[in-house]
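> Kindly return the folded structure for what I paste below:
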Amino acid sequence: QVQLVESGGGLVQAGDSLRLSCAASGRTLSNYVTGWFRQAPGKEREFVTSIYWSGTKYVVDYADSVKGRFAISRDTAKNTVTVYLQMNTLKPEDTAVYYCAAGLRPLRKYDYWGQGTQVTVSS
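As a prediction, the model looks like this:
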């Protein structure tokens, strides 16, 4: 089992920055893809970004809508893994509940999800 707990959401103005954190526990994530998804009111959940360790480097992927503005990173300290989502130049359309997720490689589906954290960007 993997437990994921997000934090760092809040209300910001357009153009501001925000950093979300996802604390993972319960199992080493070395063989897991970790990602961020978001769901805006009335819309389906959508992929934002993901990261995994290939054995020699981190491999990242971004949705086109956030490329150049968002950055994902992963930090491993002792037995704790934290996944960060640095969000810059936020736009009102970034308003959503952001979810952290983890899935075993090779990725077929994300098996574990956090409870979500609200990000609201005012214009």
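> Name whatever forms a beta bridge with the most centrally placed residue in the chain.
The residue lying closest to the centre of the chain (CA atoms, centre = their mean) is W36, at 2.7 Å. Beta-bridge partners for W36, by DSSP bridges, are T49, C100.
> what's it in contact with, if anything?
Shown in contact with W36 (CB atoms under 8 Å, 6 or more residues apart in numbering): 20, 22, 48-50, 72, 83, 85, 98-101. Where C-beta positions appear, they are placed from N, C-alpha and C, glycine not excepted.
> quick one: what helix or strand has the residue nearest to A71 when sequence neighbours are not counted in it?
The shortest distance from A71 to any non-neighbouring residue, by CB to CB, 6 or more residues apart in numbering, is to Q86 (4.5 Å). Per DSSP states H and E, Q86 falls inside strand 80-87.
> So for that strand, what gets flagged as buried?
81-85, 87 (16 or more other CB atoms under 10 Å).
> With distance to S65 and pLDDT added, can I get those in a markdown table?
Listed next are the buried residues of strand 80-87 as a markdown table, based on distance: CB to CB, whole Å; pLDDT from 0 to 100:
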| residue | distance to S65 | pLDDT |
| --- | --- | --- |
| V81 | 26 | 90 |
| T82 | 24 | 94 |
| V83 | 19 | 96 |
| Y84 | 19 | 97 |
| L85 | 14 | 98 |
| M87 | 12 | 98 |
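> want to throw the contacts of W36 into TSV with distance to Q115?
Below are the contacts of W36 laid out as TSV (distance: CB to CB, whole Å):
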residue	distance to Q115
L20	13
C22	11
V48	16
T49	19
S50	19
I72	19
V83	15
L85	15
Y98	11
Y99	8
C100	9
A101	11
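> Could you point out which of the residues you listed is nearest to G8?
L20 (4.2 Å; CB to CB).
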